[in-house]
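K.L.:
Sequence plus the predicted model coming up.
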Amino acid sequence: MNWNLYRKELKRNRKNLIIWSAIVIGFTLMVTSIFPFMQDMGEDMAALMEKMPAELSKAMGMDAETWSSILGFYSTYYGIYIIVLVSIYTTSTGATIVSKEEKDQTSEFLMTKPISRLDIFKTKMLALFTLSMIIYLVQAVVAFISISIFKGAEVSWEAFIIMHLGGLFLMLFFTCTGVILSMYVTPKKNFMGIVVGITFGSYFLNAIGQAADAVNWISYISPFHHMSFQVNDPDYGVNYLSAFVLLAIGGALLYLSFQKYKKKDIAG
Amino acid sequence: MQTHKYMEAIKTTRLSKYYGEHIGIKDVSLTINKGEVFGFIGPNGAGKSTAIRTLLGLLIPTSGSAQILGHDIVKEGKEIRKKIGYLPSEVHYYDEMSSRELLAYSSRFYGEENPAEIERLAEMFELDLDKKITDLSFGNKKKCAIIQSTIHQPELLILDEPTSGLDPLMQNRFFELLEAENEKGTTIFFSSHILSEIQRMCDRAAIIRKGEITAVENIQALLEKQMKKVRLVFKERPGKLVLPEGSQHEKWHDNKLSFEYVGMVKPLLQFLNELDLIDAVLEEPDLESIFMNYYER
């Protein structure tokens, strides 16, 4: 861990972090603050849900109760948009935090300083996960405050925490995929297209698998399948096995990334 | 100066780097002594940068080994890089930083910041420290890189085409800086394709061609062997002329004579002195023709 490099990474990524945090905070506030208005329509919505094809509502992770509590309402947005947005930011940062130096050829500067490749990699990963945790925690705190204000009725904070933990594991997993992606792929412009594809793509894979029993297996390959956002499920809890598997795969991806980085030729 | 256990600043043993099938450098064996100014000459694409980048740890060698200041380049790169300064031929720094920020950032990797010395060198090279890197010209980036490479008082300086982009005045100041550093005991590894620079600075030089070292020469010896292109214009074409020993490729065109000369300069000047000339031009041939004419033989 090199403090000098760590500080520079945080400083360099500051602007992007602020922009993405603002987007995620804005979205969280919007979703939670419109709940009181949606609640008024709750009965109509519940009736509508019953008329909707079951496949569609399953794909969207909705049920009749979705509209009856703020947490249920928030969870449908959290599981799709918020986690995907946060992951797009952390994954694209993961994809660029090492590779940008090579693209800009500043790696020549960095790697001729008295610092080992392992130190560079460790420090950059630490900076990456610091940035990821900042956006994650800021979003969670804003959601907590906003739900407290607009809840109307009692909220199960336990379910809130379980759901956010699920989001954390997904985010960490996606972040690691960004790092390994940058070790093997050199896009012409930037990683954004691929990153959006991976994150939204995994979500849709899960949605398709959920909607149609015939292709149920598809959802198993999506990390979203393994983290539930069904806060109204009476057995709702942390799926420790899935969490462990996601984190273990993430760790393995980082290990493979370093093995690649260690032997990389930095051409002029 | 402190005493050192080892005499060699750089020692490479059959060091090779292949890019797939393509040869970068092949079987490079060199020994550069401490305190020496060592030149590294070769045309573009001969493998100069590949050799340097392998020594620095940017490229992983395919085979062979090398030690810098007694440390292995693959296993102890971090130790080596504490003690060396590197000046790249093309400078790529963080665009969003100013030179001052870049130099402070660079210094912190070595543990000490020395703003007064940065200020002194910036003044010497007339570099505006507060301008952003992105707004600097090629030459000004180079000046920033010069300061970056010397600020931490390295034991060994590795310079890759150091003068490209610098105007003659700045080149001079740069050479003065190098001479002062060398005086203090710094070893200098000086890669260039400009022979006159090597002649000015270096004690010895290695010549690299197509990835292989073709000769390691004492500069004095190189100067004596160095070919010159001689072009003479006579008032009248003389009847019979015996050219000094070491002349070749004699060509007449009316009253103009051109030939190539390899040897000491004194006999040539004595020969010229006795001729009735309108004009005489002595040219340093480009490096390519030295390779073609001398090293091919």
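P.N.:
That came through fine.

K.L.:
Flag every residue of the stretch 151-268 of chain A that's near chain B.
P.N.:
Contacts of the stretch 151-268 of chain A with chain B, taken as CB under 8 Å from any CB of the partner chain, map to A:263, A:265-268. Yep, even glycine has a C-beta here, placed from its N, CA and C like the rest.

K.L.:
Most neighbours among those residues, which one is it?
P.N.:
Among these, the one with the most neighbours (other CB atoms under 10 Å in any protein chain shown) is residue A:266, at 19 neighbours.

K.L.:
How about the contacts made by that residue?
P.N.:
A:102, A:107-108, A:111, B:53, B:58-59 (CB atoms under 8 Å, 6 or more residues apart in numbering or on different chains).

K.L.:
quick one: it is in a helix?
P.N.:
No. Counting by DSSP: H, G, I helix; E, B strand; the rest coil, one finds residue A:266 to be coil, located in no helix.

K.L.:
next one: phi and psi at it?
P.N.:
Dihedral pair for residue A:266: phi -100, psi 100, per degrees, to the nearest 10.

K.L.:
what's the burial count for the closest residue to it other than its chain neighbours?
P.N.:
Distance criterion CB to CB, 6 or more residues apart in numbering or on different chains; nearest residue to residue A:266, sequence neighbours excluded, is residue B:58 at 4.1 Å. Residues near residue B:58, counting by other CB under 10 Å, number 22.

K.L.:
Now residue B:276, what are its backbone angles?
P.N.:
Dihedral angles (degrees, to the nearest 10) for residue B:276: phi -100, psi 90.

K.L.:
Would you check that it makes contact with residue B:232?
P.N.:
No. With contact defined as CB atoms under 8 Å, residue B:276 does not count as touching residue B:232 (10.2 Å).

K.L.:
the more surrounded of the two?
P.N.:
residue B:232 (18 against 8).

K.L.:
for chain A, what are the low-confidence residue spans?
P.N.:
Along chain A, the parts satisfying pLDDT under 70 run over A:42-43, A:45, A:58-67.

K.L.:
Now name the helix or strand holding residue B:13.
P.N.:
Here residue B:13, judged by DSSP states H and E, is contained in strand B:8-19.

K.L.:
just checking, what packs against the helix or strand following that strand?
P.N.:
For strand B:8-19, the following helix or strand on the C-terminal side (DSSP H and E) is strand B:22-33. Applying 3 or more CB pairs under 8 Å, 6 or more residues apart in numbering or on different chains; DSSP states H and E, one finds that strand B:22-33 makes contact with strand B:8-19, helix B:48-56, strand B:187-192, strand B:204-209, strand B:212-218.

K.L.:
Distance from strand B:22-33 to the middle of the chain?
P.N.:
Relative to its chain's centre, strand B:22-33 lies at 16 Å (CA atoms, centre = their mean, to the nearest Å).

K.L.:
Need phi/psi at residue A:154.
P.N.:
Dihedral angles (degrees, to the nearest 10) for residue A:154: phi -60, psi 150.

K.L.:
gap between it and chain B?
P.N.:
As judged by CB to the nearest CB, to the nearest Å, residue A:154 and chain B stand 49 Å apart.

K.L.:
Relative to the centre of the chain, pull out the residue lying furthest away.
P.N.:
Here I'm looking at chain A. Largest separation from the mean C-alpha position in chain A: residue A:268, at 35.2 Å (CA atoms, centre = their mean).

K.L.:
Let me rephrase: I mean chain B.
P.N.:
Outermost in chain B, CA atoms, centre = their mean: residue B:239 at 44.6 Å.

K.L.:
where does it fall, helix, sheet strand or coil?
P.N.:
Going by three-state DSSP: residue B:239 is coil.

K.L.:
which residues touch it?
P.N.:
Residues near residue B:239 by CB under 8 Å, 6+ apart: none.

K.L.:
can you check the one 5 residues further on too?
P.N.:
Residue B:244 makes contacts with B:261, B:263, B:267-268, B:270-271, as judged by CB under 8 Å, 6+ apart.

K.L.:
quick one on the thing from earlier: can you name the two of the residues of the stretch 151-268 of chain A next to chain B that sit furthest apart?
P.N.:
Put simply, by CB to CB the two of these set farthest apart are A:263 and A:268, 17.6 Å from each other.

K.L.:
so where's the stretch 151-297 of chain B shaky on pLDDT?
P.N.:
Applying pLDDT under 70 to the stretch 151-297 of chain B flags the ranges B:222-225, B:285-297.

K.L.:
which residues in it form helices?
P.N.:
B:168-183, B:195-201, B:219-225, B:265-273, B:287-290 (DSSP state H, counting those that start in this stretch).

K.L.:
so which of the contacts of residue B:244 is the most crowded?
P.N.:
The contacts of residue B:244, ranked by neighbours (other CB under 10 Å): first place residue B:261, 22 neighbours.

K.L.:
Correct me if wrong: it contacts residue B:246.
P.N.:
Yes. Residue B:261 is within contact range of residue B:246, at 5.6 Å (criterion: CB under 8 Å).

K.L.:
when you check the contacts of residue A:266 against the strands, which ones overlap?
P.N.:
Among those, no member falls in strands (DSSP state E).

K.L.:
which of these lies closest to residue A:150?
P.N.:
Nearest to residue A:150 among the contacts of residue A:266, with distances taken as CB to CB, is residue A:102, at 46.3 Å.

K.L.:
Apart from its chain neighbours, what residue comes closest to the closest one?
P.N.:
residue A:266 (6.9 Å).

K.L.:
ditto for residue A:256
P.N.:
residue A:180 (6.1 Å).

K.L.:
so how many other residues sit close to the one you found?
P.N.:
By other CB under 10 Å, the residues close to residue A:180 number 20.

K.L.:
In what element of secondary structure is it found?
P.N.:
Per DSSP H and E: helix A:157-184 holds residue A:180.

K.L.:
Likewise for residue B:39?
P.N.:
Counting by DSSP H and E, residue B:39 is found in strand B:37-41.

K.L.:
so what does that strand touch, helix or strand wise?
P.N.:
Short answer (3+ CB pairs under 8 Å, 6+ apart): strand B:37-41 packs on helix B:48-56, strand B:187-192, helix B:195-201, strand B:204-209.

K.L.:
who wins for proximity to chain A among those?
P.N.:
helix B:48-56 (5.3 Å; CB to the nearest CB).

K.L.:
The closest one versus strand B:37-41: what angle between them?
P.N.:
Relative orientation of helix B:48-56 and strand B:37-41, computed by axes from the mean of the first three to the mean of the last three CA atoms, to 10 degrees: 130 degrees.

K.L.:
contacting residues around helix B:48-56?
P.N.:
Contacts for helix B:48-56 (CB under 8 Å, 6+ apart): A:111-112, A:266-268, B:10, B:12, B:15, B:17, B:24-25, B:28, B:40, B:42, B:59-61, B:66, B:68, B:73, B:77, B:81, B:84, B:86, B:89, B:158, B:160-161, B:189, B:191, B:193, B:208, B:211.

K.L.:
Mind listing what's buried along the next helix-or-strand element following that helix?
P.N.:
Per DSSP H and E, the first helix or strand lying C-terminal to helix B:48-56 is strand B:63-68. For strand B:63-68, burial by neighbour count (16 or more other CB atoms under 10 Å in any protein chain shown) applies to B:64, B:66-68.
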